[in-house]
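[1] Give me a model of this one.
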Amino acid sequence: MNTTEPSANLLRQVALTACGRRPGKTQSCDSCARKAPALLNIASTGAADALAAAICGSQGGACADCHSKAEAIINETAETLCDA
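    You can find the predicted model right below:
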């Protein structure tokens, strides 16, 4: 596997977190799946506010729920990339 490209599993996890991870939910919506590569790129910079805005889709600032999702994505991508 090319280590410069994110794994499909990592992209699925990012999409699921952005979509709203909850018990029993195993897949994100198509929109979040399409956004996952861009979200992962933003997450890799550690820019939580920019990531939250991208998840929320709001031009005026992200909601608290999307800020929480952004923090979770940054944490899970950091752990995954450090383990690689």
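[2] low-scoring stretches of this protein, by residue?
    Applying pLDDT under 70 to the chain flags residues 1-5, 81-84.
[3] List the contacts of the spatially most central residue of it.
    Centroid-nearest residue in the chain: V14, 3.5 Å away (criterion: CA atoms, centre = their mean). V14 is in contact with 36, 39-40, 43, 73, 76-77, counting by CB atoms under 8 Å, 6 or more residues apart in numbering. Quick note: C-beta positions are derived from backbone N, CA and C, even for glycine.
[4] Next: A33.
    Contacts for A33 (CB under 8 Å, 6+ apart) come out as 11-12, 15.
[5] a markdown table please, covering these and showing secondary structure and distance to A50.
    Shown next, in a markdown table, are these (DSSP: H, G, I helix; E, B strand; the rest coil; distance: CB to CB, whole Å):
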| residue | secondary structure | distance to A50 |
| --- | --- | --- |
| L11 | helix | 18 |
| R12 | helix | 22 |
| A15 | helix | 17 |
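[6] Most neighbours among those residues, which one is it?
    In terms of neighbours by other CB atoms under 10 Å, these top out with A15 at 24 neighbours.
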